[in-house]
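In: Below are the sequence and a predicted model; questions follow.
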Amino acid sequence: MTFHIPSLRELRIVFDENDSEYIIFDEFKAFLKNNKCGDEPAIKSGNIFSWLKGKDHSVKSVEGKPSFKLESIVQYCMSYRDTYEVCRQVTQEIKGILVNQSEETRITSTKEIYKHIANADFLSKVILSELKIEENDITTLNSFYKNEFTEESWRKICFFEMHFMREGDFKIESDTYETTIMKKTKFLSEMQQAHQLAGTIMEQSRNEILERTKRREHAEMGERICISGKNTHSPSIIESQVMNAMPDQCFLNTIVLSDCTSHCTHNKSLHVYADISEGSQSSIPGIKTIISSYVKTNHRETCSEFVFFLEL
């Protein structure tokens, strides 16, 4: 059994003879160490063990290993949210689930969810105006409310319903009215979160490229600039090698590799920022495979994140 909270999914939930949920201490300690950011305090087993034991007042052997109750692990993350980034992230995700659940209980009708969609920020006006939408093909759309919204708001509602119909786990044969509203509310929340995440990634990418440009300028003046994953590399050399490894007809124009920031919660690895030619979106999976394979084989590094830029 695993967590629904993304940040905790690498942790296992185990059960004792009474089917109570526990987390094995060694696995939780490894989880904290693997997700520790560079300047955060050291992970000390004795301190963590004492804190958890103070909450549980006992330690239980599950699968032959010292384990603590699930509630105590969650309490630890909340208590250390200002100390460790991963604990802060866990706390935020728990808070998000609570907020989304309360939002779902308030929205009870199609008209109400349409009002939320019209006011939601998940699509730019430029893209919205260019969309080709066939309302008659959207089986989940309720056109009865069309005259109650502006043309722009209705196009946004149609866009939402079109994607909900395709991706929203909608079962027209069995879903009740209430179930459909609940699923639409959840899907809207996921679209807003994806939009916000995309904006954050884009901003971080721009900042990273600006920073790398400055570092290159310094390097040209004689400084030796490096990036670090598991090992240390010269960015200009590794990027040149990756470009040379690409096929002649590849749509990749430029590539920038960087190391992790203090916000990363994964193991040390490399981040890839790539500029690709127009019309080459279908080549992205192949480009990712070639870059990942080359970097893994020749430099023993993992590429944890890819961000592609496309000139329109």
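Out: All right, it came through fine.
In: Mind listing what's buried along stretch 257-266?
Out: Leu257, Ser258, Asp259, Cys260, Cys264, Thr265 (16 or more other C-beta atoms under 10 Å). Heads up, the C-betas are built off the backbone N, CA and C, glycines and all.
In: Check those and tell me the two furthest apart.
Out: Farthest pair in the buried residues of stretch 257-266 (C-beta to C-beta) is Leu257 and Thr265. Separation: 19.5 Å.
In: can you put the buried residues of stretch 257-266 in CSV and add pLDDT, secondary structure and distance to Phe28?
Out: CSV is the format used below for these (pLDDT from 0 to 100; DSSP: H, G, I helix; E, B strand; the rest coil; distance: C-beta to C-beta, whole Å):
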residue, pLDDT, secondary structure, distance to Phe28
Leu257, 84, strand, 32
Ser258, 81, strand, 30
Asp259, 79, coil, 27
Cys260, 77, coil, 22
Cys264, 75, coil, 20
Thr265, 78, coil, 15
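In: Closest one to Leu8 out of these, please.
Out: Nearest member of these to Leu8, counting by C-beta to C-beta, is Thr265, at 11.1 Å.
In: check contacts around that closest one.
Out: Going by C-beta atoms under 8 Å, 6 or more residues apart in numbering, Thr265 touches Ser7, Asn35, Cys37, Glu85, Val86, Gln89.
In: gap between the third one and Asn267?
Out: The one in question is Cys37. 12 Å (C-beta to C-beta, to the nearest Å).
In: The fourth one too?
Out: Distance from Glu85 to Asn267, counting by C-beta to C-beta: 14 Å.
In: Could you do Val74 as well?
Out: 23 Å.
In: same thing with Thr302?
Out: With C-beta to C-beta as the criterion, Thr302 and Asn267 are 8 Å apart.
In: mind listing what Leu257 touches?
Out: Counting by C-beta under 8 Å, 6+ apart, Leu257 makes contact with Ile227, His233, Pro235, Ile238, Glu239, Val242, Leu270, His271, Val272, Tyr273, Val295.
In: Among these, name the ones in helices.
Out: Residues from these lying in helices, with DSSP state H as the criterion: Pro235, Ile238, Glu239, Val242, Val295.
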